[in-house]
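*Asks:* Take a look and give me a structure for this.
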Amino acid sequence: MGKNAVEKVRKNFLITRLVKDEMELFGSLTDKTPLKYIRDQERRLLGLLQNVKSVFRSLKGLGRLP
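*Replies:* This next block holds a predicted model:
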């Protein structure tokens with residue numbers, strides 16, 4: 001497995017763990033929670049992370065960040 005593939009697997013695992021932790025915290029994760037719902041939440045979180053990365057790139061480009 002290449003380095004990029006390993007990073008992708010690691011990132012996907014961390015995203016899944018974050019989503020499950022968040023759902024457990026708010027009591028919305030049960031044994032009967034559909035996998036589709038968990039995947040939807042993962043996509044939502046990935047979208048938020050992409051937005052944050054984009055904002056940081058923009059700020060860095062404007063010289064607002066080191």
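
*Asks:* Quick one: the helices in this structure, in order.
*Replies:* Assigned by DSSP state H, the chain shows helices spanning 3-25, 35-61.

*Asks:* from the chain's centre, how far out does the shortest one sit?
*Replies:* It stands for helix 3-25. The chain centre lies 7 Å from the centre of helix 3-25; the measure is Cα atoms, centre = their mean, to the nearest Å.

*Asks:* By neighbour count, which bits of that helix are buried? Give me those.
*Replies:* Going by neighbour count (16 or more other Cβ atoms under 10 Å), the buried part of helix 3-25 is 15, 19, 23. Glycine gets a C-beta too; all of them are placed from N, C-alpha and C.

*Asks:* tell me the contacts of the last one?
*Replies:* Residue 23 makes contact with 29, 33, 38, 41, according to Cβ atoms under 8 Å, 6 or more residues apart in numbering.

*Asks:* likewise the second one?
*Replies:* With contacts defined as Cβ under 8 Å, 6+ apart, residue 19 is in contact with 38, 41, 42, 45.

*Asks:* Could you verify my assumption that the last one touches residue 14?
*Replies:* The reference is to residue 45. No: counting by Cβ atoms under 8 Å, residue 45 stays clear of residue 14, with 10.1 Å between them.

*Asks:* sorry, back to before: comparing the helices of the chain by mean pLDDT, which bottoms out?
*Replies:* Mean pLDDT is lowest for helix 3-25 among these, at a mean of 78.

*Asks:* hey, C-alpha coordinates of that one in CSV?
*Replies:* The C-alpha coordinates for helix 3-25 follow below in CSV (Å, rounded to 0.1, in the frame of the first residue of the first chain):
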residue,chain,number,x,y,z
LYS,A,3,1.9,6.3,1.4
ASN,A,4,-1.1,8.2,0.0
ALA,A,5,-3.3,5.1,0.4
VAL,A,6,-2.2,4.7,4.1
GLU,A,7,-2.9,8.4,4.8
LYS,A,8,-6.4,8.1,3.2
VAL,A,9,-7.2,5.0,5.3
ARG,A,10,-5.9,6.8,8.5
LYS,A,11,-7.9,9.9,7.7
ASN,A,12,-11.1,7.9,7.0
PHE,A,13,-10.7,6.0,10.3
LEU,A,14,-10.2,9.3,12.2
ILE,A,15,-13.3,10.8,10.5
THR,A,16,-15.4,7.7,11.4
ARG,A,17,-14.2,7.8,15.0
LEU,A,18,-15.0,11.5,15.3
VAL,A,19,-18.5,11.0,13.9
LYS,A,20,-19.2,8.1,16.2
ASP,A,21,-17.8,10.0,19.3
GLU,A,22,-20.0,13.0,18.4
MET,A,23,-23.1,10.8,18.0
GLU,A,24,-22.4,9.0,21.3
LEU,A,25,-22.0,12.3,23.0
